[in-house]
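> Need coordinates for the following:
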Amino acid sequence: MIEIRKSSDRGYFDHGWLKTYHSFSFADYFDREHMNFGSLRVINEDFVQAGKGFGTHPHRDMEILTYILEGQLAHKDSMGNGSIIKPGDVQRMSAGTGVTHSEFNASPDEIVHLLQIWILPKYSGLQPSYEQKHFDAREKQNKLRLVASPDGRAGSVTIHQDASVYAGILSKGKEVSHPLANNRRAYIQTLSGAFKVNGERLNAGDGAKITGEKIIKLAAADDSELLFFDLE
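Reported below is the predicted structural model:
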């Protein structure tokens, strides 16, 4: 079964310095029908104005992934990490017992367009940790490139949950497929372009909850980019 979550159905807020879309309940956006999907708790698509950002704030017991589409994001945290996150980078922060961090647009004149993803950890009270890796566009071209996994396989960042996250960049007319094991579910977030998922069309910003499918076939109707979550 494929349940499509249209881009226009997401929660949306314009804070001036930040335009943000929420696929699941978050902050002032409450949606009882979209609290989470398995361990996937948050997908926020953010557009942050130049020189603006999120001041220092706390997190705990959450696996947080940041995926940059355009621009650059400056990160600092209480673990002593400081970095610039660019397109192709995947940042993982395990908040565990507690961490504070800030995130600001590192450019003086361009927006930063990013996705912030929260995944519930398998265990609470973990030691906070941080990881950042780069995945070249060629690694994702017309394939699903593993970027986050519970065991860090294939050079992916390591998350503390039985979830695998893939990124793909598909050229118009190309197809890829992913087998889904019994008792697994999948979520797809369209980042750009358009493609069909087992015949169902997804456009930029659309998401899809997938259950009870053995093979998931993605056929690009246009040049597209997506994130694919294989979940318990």
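
> all contacts plus neighbour counts: C-alpha atoms, from now on.
Fine.

> contacting residues around the residue most central in space within the chain?
The chain has Ile117 as the residue nearest its centroid, 4.4 Å off, counting by Cα atoms, centre = their mean. Contacts for Ile117 (Cα atoms under 8 Å, 6 or more residues apart in numbering) come out as Leu40, Arg41, Val42, Ile43, Asn44, Ile64, Leu65, Thr66.

> again, 6 Å this time
Residues in contact with Ile117, defined by Cα atoms under 6 Å, 6 or more residues apart in numbering, are Val42, Ile43, Ile64, Leu65.

> Helices along the protein, start to end?
137-140 (DSSP state H).

> which regions of it lie under the pLDDT threshold?
Counting by pLDDT under 70, not a single residue of the chain qualifies.

> Just the residues contacting stretch 96-116, thanks.
Under the contact criterion Cα under 6 Å, 6+ apart, stretch 96-116 has outside partners 43-61, 65-78, 125-128.

> count of neighbours near Asp28?
Per other Cα atoms under 10 Å, the neighbour tally for Asp28 reads 8.

> typed the wrong thing, it's His75
Applying other Cα under 10 Å, we find 18 residues neighbouring His75.

> State whether Lys209 and Gln189 are indeed in contact, as I suppose.
No. With contact defined as Cα atoms under 6 Å, Lys209 does not count as touching Gln189 (9.3 Å).

> So for the two, which residue has more residues nearby?
Counted by other Cα under 10 Å, Lys209 and Gln189 do not tie: Gln189 has more neighbours, with 24 against 16.

> what's the distance between the nearest residue to the more buried one once chain neighbours are set aside and Asp223?
The shortest distance from Gln189 to any non-neighbouring residue, by Cα to Cα, 6 or more residues apart in numbering, is to Gly207 (4.4 Å). Distance of Gly207 to Asp223, given as Cα to Cα, to the nearest Å: 17 Å.

> Who has more neighbours out of these two?
Legend: neighbour count by other Cα under 10 Å for Gly207 and Asp223, higher for Gly207 (25 against 16).

> How about that one: which residues does it bridge to?
As for beta bridges, Gly207 partners with Arg5, Gln189 under DSSP bridges.
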